[in-house]
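Colleague: Here is a sequence together with a model predicted from it:
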Amino acid sequence: MWKITLAGVAALICLAGPAWAQVDEIIVTGSRSIEWDRDDIPVVQLPRRADNLIVAVTVVNDTREAAGRRNELIATLRAMVQAAGRDARIDLSIEDDGALVPLTEDMVSTLTLGADPGRADTSVAHLIVKTPIAAADTLDDASGRIETFVEATPKTGRSLVDITGEWELSIIDPGQYRRAILAAISSDATTTAEAFGAGYAVEVSGLSNRVTWTQSGPLDLSLFIPYEMTVKPR
């Protein structure tokens, strides 16, 4: 008989439930993505579409008087939230350390507005606009929904709304895919052990690493756990 020395695979799969879950929606591409050398990416990967296409949007207002400037900008932000609430294909968020926090109408009046360092008497607010990615979507389909939303936003006073970021992808709770990835690694290890025969055992390390990812297409990701597999004589 052959033996697979996967000292924790079964236990890890059993534990790959709520205790491992990351409940945040994470920005996974663009400037926030982890750069992986192709040689460092393991063979076992889980392909899937990203959950949302996202882009940074800046709302700017240069009304001279400060109170009027804030009022116009807040009114524009509130109109954006209300418009997004009527469109199931659009959501607004603010970014907090790479995670997305949904923006509600109640939050709008509490936002701290920034100043444009290159323009006097100009206030800015930075938002993330996102749209769910459907199975049949192309990048043009998904980005077009956001562009249409931004163009149609009612602007109060001297407010302007512009797309200022790069198109990026996000994924909700990447930890939920841990069980499926571990099962695939276990299956591959079993196949490998059988191929080498009874005189060899397979050892897998790195299974305590978190689920991570690489972009595999315009709207697609490959999820994986950075593990290493070694074949050794018994």
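Modeller: The structure has been received and is ready for your questions.

Colleague: How is the spatially most central residue of the chain assigned, secondary-structure-wise?
Modeller: Taking CA atoms, centre = their mean, the centroid of the chain lies closest to residue 170, which sits 2.1 Å from it. Following DSSP: H, G, I helix; E, B strand; the rest coil, residue 170 is assigned to strand.

Colleague: beta partners for it?
Modeller: residue 27, residue 52 (DSSP bridges).

Colleague: Please name the residues that touch it.
Modeller: Applying CB atoms under 8 Å, 6 or more residues apart in numbering, we find residue 170 in contact with 25, 26, 27, 28, 50, 51, 52, 54, 100, 130. (C-beta placed from N, C-alpha, C; glycine too.)

Colleague: What separation do you get for it and residue 152?
Modeller: Using CB to CB, to the nearest Å, residue 170 is found at 23 Å from residue 152.

Colleague: Could you do residue 168 as well?
Modeller: Where residue 152 is concerned, residue 168 sits at a distance of 22 Å (CB to CB).

Colleague: Those two: who's more crowded?
Modeller: Using other CB atoms under 10 Å as the criterion, residue 168 and residue 152 rank with residue 168 on top: 21 against 10.

Colleague: Thought residue 54 was touching the more buried one, still the case?
Modeller: Yes: between residue 168 and residue 54 there is a contact under CB atoms under 8 Å: 5.2 Å.

Colleague: Now the common contact residues for these two.
Modeller: By CB under 8 Å, 6+ apart, the residues touching both residue 168 and residue 54 are residue 27.

Colleague: what pairs with the nearest residue to residue 160 once chain neighbours are set aside across the strands?
Modeller: Distances taken as CB to CB, 6 or more residues apart in numbering place residue 60 nearest to residue 160, at 4.9 Å, with adjacent residues excluded. Note on residue 60: beta-bridge partners by DSSP bridges are residue 124, residue 160.

Colleague: give me the number of residues near residue 60?
Modeller: Neighbour count of residue 60, defined by other CB under 10 Å: 20.

Colleague: Okay, domains of the chain per the record?
Modeller: Domain ranges of the chain: 3-49+172-233, 52-170, per automatic domain parsing.

Colleague: weakest of those domains by average pLDDT?
Modeller: Mean pLDDT is lowest for domain 3-49+172-233 out of the domains of the chain, coming in at a mean of 80.

Colleague: before we move on, which element is residue 68 in?
Modeller: Assigned by DSSP states H and E, residue 68 falls within helix 66-85.

Colleague: Can you name every helix or strand that that helix contacts?
Modeller: Applying 3 or more CB pairs under 8 Å, 6 or more residues apart in numbering; DSSP states H and E, one finds that helix 66-85 makes contact with strand 52-61, strand 91-96, helix 105-108, strand 123-132, helix 139-152, strand 159-163.
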